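Student: model the following, please.
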Amino acid sequence: MEILETFLSYRGLKTYVKIANPRGKNIPLLCLHGGPGSTHNSLELLFPLAERSDRPVILYDQIGCGLSSLPDNHPDLYQKDFWIGELENLRQKLHLRRFHLLGHSWGGMLAQLYLTSKHRRGVVSVTLSSTLCSASQWREETHRLAKKLSQADQEVIENAETSGDYHNEPFHQVSQRYLKLTVSDFDKNDPRVPECLRREKRSGIVAYETAWGPSEFTPLGNLRNYDTRPSLNTIHCPALICYGSEDESTLLQNQTMYEKIGSKKKLLYEFRGARHMTYFEANEEYLNLLNGWLKENDPR
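Tutor: Take a look at the predicted model:
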């Protein structure tokens, strides 16, 4: 399968782009990774869709992580309007007149922000994968999920939130246990794990802490007031909303998006037994679902 790699300029910086099957005949799929700052790497697990449905599958590293520019000395850039602008810049420079849009986790937040902004040009369907529509609702749900941890772990979280000290080893260890519970748990040294998950990546730590904050549980960065619930009714393209049954993106959050989104055609889907990285833990089911959804919503 042909793979194209390129860089696009944006406000004097560079966005790294990777496209599978760039000459595919059907409507492209543009994917937005999580984080902020988690890189495109794991979304390469979606590349089989490029051959199955003969379409370009487009991934990119948002500025602030991966192979894109890292303007960490200007953290003021790491905010929603900058990343919306980067997405629109990519759409224009890749000449995407029509495309399917998929966003996972923070990428799903970015997709919603894009679709409820003045841009939202050319999107023929959207897939909101393990994401959220409200930072405050996310906080409530992560604290509910954290009750599955030990009492000692819950006290570490409470102490960090009381003191404002999130950069200590006990909190780091508790966070890792929470992520294993709700996000994923795999050994990067295991050769059975896909290469794109084992590959070293340049995570956007400054981007993450600036926009989201130092805690997975409580948004403290500039996205702390994120809430698309009042504007989801302005999204009218077909919408697939999916999540895992063991996901930190919970049933409540996904039901909220499903109920409030204005699309006449929409589907809510749960991957049984999967955590946040549904496209890894339920890979074949995810690919089959998405392949059918894209074909069904390709313009005739």
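
Student: quick one: Met109 and Asp81, what's the gap?
Tutor: From Met109 across to Asp81, the span is 13 Å (C-beta to C-beta, to the nearest Å). Where C-beta positions appear, they are placed from N, C-alpha and C, glycine not excepted.

Student: compare those two and say which is more crowded by neighbours.
Tutor: Of the pair Met109 and Asp81, Met109 is the one with more neighbours under other C-beta atoms under 10 Å, namely 28 against 10.

Student: dump the residue contacts of the closest residue to Gly213 other than its chain neighbours.
Tutor: On the basis of C-beta to C-beta, 6 or more residues apart in numbering, the spatially nearest residue to Gly213 that is not a chain neighbour turns out to be Leu220, at 3.2 Å. Contacts for Leu220 (C-beta atoms under 8 Å, 6 or more residues apart in numbering) come out as 212-214.

Student: same check, this time on Pro75
Tutor: For Pro75, the contacting residues are 206-207, 210, by C-beta under 8 Å, 6+ apart.

Student: how many other residues sit next to the closest residue to Ile205 other than its chain neighbours?
Tutor: Taking C-beta to C-beta, 6+ apart, and ignoring the residues beside it in sequence, Ile205 has Gly37 as its nearest neighbour in space, at 6.5 Å. Around Gly37 sit 26 other residues, with neighbours defined as other C-beta under 10 Å.

Student: same deal with Gln151?
Tutor: Neighbours around Gln151, by other C-beta under 10 Å: 7.

Student: relative to Glu169, how far out is it?
Tutor: Gln151 sits 19 Å away from Glu169, taking C-beta to C-beta as the criterion.

Student: before we move on, back to that, let's have the contacts of Pro75 in a markdown table, adding neighbour count and pLDDT.
Tutor: Converted to a markdown table, the contacts of Pro75 look like this (neighbours: other C-beta atoms under 10 Å; pLDDT from 0 to 100):
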| residue | neighbour count | pLDDT |
| --- | --- | --- |
| Val206 | 19 | 98 |
| Ala207 | 27 | 98 |
| Thr210 | 21 | 98 |
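
Student: could you dump the residues you listed to TSV with secondary structure and distance to Thr182?
Tutor: Formatted as TSV, the contacts of Pro75 follow (DSSP: H, G, I helix; E, B strand; the rest coil; distance: C-beta to C-beta, whole Å):
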residue	secondary structure	distance to Thr182
Val206	helix	24
Ala207	helix	22
Thr210	helix	23
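
Student: from these, which is closest to Gln62?
Tutor: Using C-beta to C-beta, Ala207 comes nearest to Gln62 of the contacts of Pro75, at 7.7 Å.

Student: was I right to think the closest one contacts His33?
Tutor: No. The pair Ala207 and His33 does not pass the contact test of C-beta atoms under 8 Å, sitting 11.5 Å apart.

Student: now the common contact residues for those two.
Tutor: When contacts are counted by C-beta under 8 Å, 6+ apart, Ala207 and His33 have Gln62 as shared neighbours.

Student: which residues of the stretch 101-250 of the chain fall in strands?
Tutor: 123-129, 239-244 (DSSP state E, counting those that start in this stretch).

Student: listing partners with orientation, what would you give for the first one?
Tutor: In other words, strand 123-129. strand 99-104 (parallel), strand 239-244 (parallel) (DSSP bridges).

Student: can I get it as CSV, trimmed to CA atoms?
Tutor: Once non-C-alpha atoms are left out, strand 123-129 reads as follows in CSV (Å, rounded to 0.1, in the frame of the first residue of the first chain):
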residue,chain,number,x,y,z
VAL,A,123,-17.5,17.0,6.2
VAL,A,124,-19.8,14.2,4.9
SER,A,125,-19.8,12.2,8.2
VAL,A,126,-18.3,12.4,11.6
THR,A,127,-17.1,9.6,13.9
LEU,A,128,-16.8,10.7,17.6
SER,A,129,-14.7,7.9,19.1
